[in-house]
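1. below is the sequence, then the predicted model.
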Amino acid sequence: MSTYRDVPFVNLAAQYAAEREELLPILDAVLGTGQWVGGPVVEELEAELAREHNVPSVVSVGSGTDALRLSMLALGIGPGDEVITPPNSFVASTAAIVSVGARPVFADVLPDQTIDPQAVEAAITPRTKAIMPVHLTGRCADMPALGALAQTKHLYIIEDAAQAYGSTLHGRRAGTMGDVGCFSAHPLKNLNAAGDAGFVLCSTEAIGRRLLRLRNNGLHDRNTALEWGVVSRLDSVQAAVIRHRLRSLDRTIQRRREHAQQYREALNPTEVFVPPCEFHQFNTFHTFVVQVDRRDELATRLAQDGIGTGIHYPRPIHLQPAAAALGYKAGDFPVAERQSERILSLPVHQWLKPGDIDYVAECVNRFVAEWPVQRTGS
Ligand SMILES: Cc1ncc(COP(=O)(O)O)c(C=O)c1O
């Protein structure tokens, strides 16, 4: 048995220590321009992201939540409309739908945690205006099936790609398969700012133009407000941080994928459900989520072993107090509900040290091996 190790769930201090020397002069130069909101650095970032994804326009905003919310406003989604989305996401996906006055309608998920296209089809009503799949953990939802549905039923697709920068499905990048692709660059994301930030990949220039207005008080030019908007602009310092971190992102993703593969080889496959990574999927592992019985006890045991874990997310959105008025109840989405009791995110970040994964897997395997003994005793 290995000796005790400290394995934190995230390590942003390590990220900063590694980049500090190169990053500080860049930030100093940006601050020295006196252009602290918007400006050339923000425009260069948007242009770079548009080139990278081969989309006509990218609009940066203040957060991933604003990316979703402003995208829906740009598509004309509002009161009276329904948007179908999974109940197992971060609450922001649903909160964004509610914030534009539309109604979130939930559809259950598949064993791999992505939205079930058959459940989506069953949830469509004459009021449905859009589908918002979530590429949870960095794994793309079944976009071919959802795209076909959207086309037949004339629905928009708003990709919540907050957790999936760089992920692909059948070679297509997350965020480029719908009408809009919404990203978060929150510090905990693989591509992260040093604060809140987000951006939208737009499938048409018209959507991009409207988003540019909506994020800036509805202003068309300095003195002409064509409509009412909000303030959700990216700071130039955050844009510079993101641009700098884009340089090392391939390596970040590669490390996370290597760690996932090591877990896959080391974890006990009969007792621990590790979602498959199939040939047509390039997953970027924002989180590495296993499913186990007695999840809470395992998390406690791992904490005693020095291992940080997370639960993304312990309470499905339809069972949140804020969702009470939507009229859902426990049992409505059995797959998502069952998963919420069994999911556990293990450390997968790029700053793990040699031997960390083996140690975590050993601790997990030891715990699950005790299970049959305890089950007999209970
Ligand atoms: C799936 C998902 N959607 C939306 C968001 C919202 O992004 P932000 O925190 O940048 O507003 C997040 C952030 O955690 C997320 O994970």
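-> Looks like it arrived, so ask away.
2. separation between the residue lying closest to residue 56 once chain neighbours are set aside and the ligand?
-> With C-beta to C-beta, 6 or more residues apart in numbering as the criterion, residue 56 has its nearest non-adjacent residue at 4.8 Å, and that residue is residue 205. The C-beta positions use only the backbone N, C-alpha and C, and glycine is treated the same way. When distance is defined by C-beta to the nearest ligand atom, to the nearest Å, residue 205 is 24 Å away from the ligand.
3. ok, residue 205 touching residue 58?
-> No: using C-beta atoms under 8 Å, residue 205 is not in contact with residue 58, being 11.0 Å away.
4. circling back to that earlier point, the residue nearest to residue 56: neighbouring residues, count only.
-> 11 (other C-beta atoms under 10 Å).
5. do the same with residue 325
-> 7.
6. now do the contacts for it.
-> Contacts for residue 325 were tallied using C-beta atoms under 8 Å, 6 or more residues apart in numbering; there are none.
7. how much space is there between the residue nearest the centre of the chain and the ligand?
-> Centroid-nearest residue in the chain, with C-alpha atoms, centre = their mean: residue 163, separated by 2.1 Å. As judged by C-beta to the nearest ligand atom, residue 163 and the ligand stand 5 Å apart.
8. OK, contacts around that residue?
-> Residue 163 sits in contact with 134-138, 184, 189, 286-287, where contact means C-beta under 8 Å, 6+ apart.
9. among the residues you listed, which ones are in strands?
-> Members of the contacts of residue 163 lying in strands (criterion: DSSP state E): residue 184.
10. closest to residue 65 among the contacts of residue 163?
-> residue 184 (7.6 Å; C-beta to C-beta).
11. could you find the closest non-adjacent residue to that closest one?
-> residue 64 (2.5 Å).
12. so who does the residue in the chain that the ligand sits nearest to touch?
-> Using C-beta to the nearest ligand atom, the single residue of the chain nearest to the ligand is residue 64, 2.4 Å away. By C-beta under 8 Å, 6+ apart, the residues touching residue 64 are 92, 162, 182-186, 189, 198.
13. so can I have JSON lines of those showing distance to residue 211 and pLDDT?
-> JSON lines is the format used below for the contacts of residue 64 (distance: C-beta to C-beta, whole Å; pLDDT from 0 to 100):
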{"residue": "92", "distance to residue 211": "18", "pLDDT": "98"}
{"residue": "162", "distance to residue 211": "16", "pLDDT": "98"}
{"residue": "182", "distance to residue 211": "11", "pLDDT": "99"}
{"residue": "183", "distance to residue 211": "13", "pLDDT": "98"}
{"residue": "184", "distance to residue 211": "16", "pLDDT": "98"}
{"residue": "185", "distance to residue 211": "16", "pLDDT": "98"}
{"residue": "186", "distance to residue 211": "19", "pLDDT": "98"}
{"residue": "189", "distance to residue 211": "20", "pLDDT": "98"}
{"residue": "198", "distance to residue 211": "11", "pLDDT": "98"}
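14. and the two most separated of those?
-> Going by C-beta to C-beta, the pair spanning the contacts of residue 64 furthest: 92 and 185, at 13.5 Å.
15. residues near the residue lying closest to residue 192 once chain neighbours are set aside, how many?
-> Distances taken as C-beta to C-beta, 6+ apart place residue 185 nearest to residue 192, at 5.6 Å, with adjacent residues excluded. Number of residues near residue 185 (other C-beta under 10 Å) recorded here: 30.
16. ok, residue 185 to residue 64 distance?
-> 7 Å (C-beta to C-beta, to the nearest Å).
17. can you check which residues contact both of the two?
-> Joint contacts of residue 185 and residue 64 (C-beta under 8 Å, 6+ apart) are residue 198.
18. can you map out the strands along the protein?
-> Under DSSP E, the chain gives strands at 57-61, 82-85, 103-106, 128-131, 156-160, 168-169, 172-173, 180-184, 198-202, 219-221, 224-225, 281-282, 288-291, 343-346.
19. near the ligand, which residues of this structure?
-> 63-65, 89-90, 92-93, 134, 160, 162-163, 184, 186, 196, 198 (C-beta under 6 Å from any ligand atom).
20. can we see that at 5 Å?
-> Listed as neighbours of the ligand in the chain under the rule C-beta under 5 Å from any ligand atom: 63-65, 89-90, 92-93, 134, 160, 162-163, 184, 186.
21. which of those fall in helices?
-> When the residues of the chain next to the ligand are checked against helices (DSSP state H), the matches are 64-65, 92-93.
22. now do the helices in the stretch 201-350 of the chain.
-> Counting by DSSP state H, counting those that start in this stretch, the stretch 201-350 of the chain has helices at residues 205-214, 236-246, 249-266, 295-304, 334-342.
23. where does the prediction get shaky in the stretch 51-200 of the chain?
-> By pLDDT under 70, the stretch 51-200 of the chain contains no weakly predicted segment.
24. list the contacts for the residue nearest to residue 315 when sequence neighbours are not counted?
-> Nearest-residue entry for residue 315: residue 340, 6.6 Å, with adjacent residues in sequence omitted and distances by C-beta to C-beta, 6+ apart. When contacts are counted by C-beta under 8 Å, 6+ apart, residue 340 touches 88, 313-316.
25. re the thing from before, closest to residue 73 out of the ones in helices among the residues of the chain next to the ligand?
-> residue 65 (12.7 Å).
26. correct me, but that closest one touches residue 98?
-> No: counting by C-beta under 8 Å, residue 65 does not reach residue 98; the two are 11.2 Å apart.
27. the more surrounded of those two?
-> More crowded of residue 65 and residue 98, by other C-beta under 10 Å: residue 65, with 23 against 17.
28. buried residues in stretch 360-369, which are they?
-> Across stretch 360-369, burial judged by 16 or more other C-beta atoms under 10 Å covers 360-364, 367-368.
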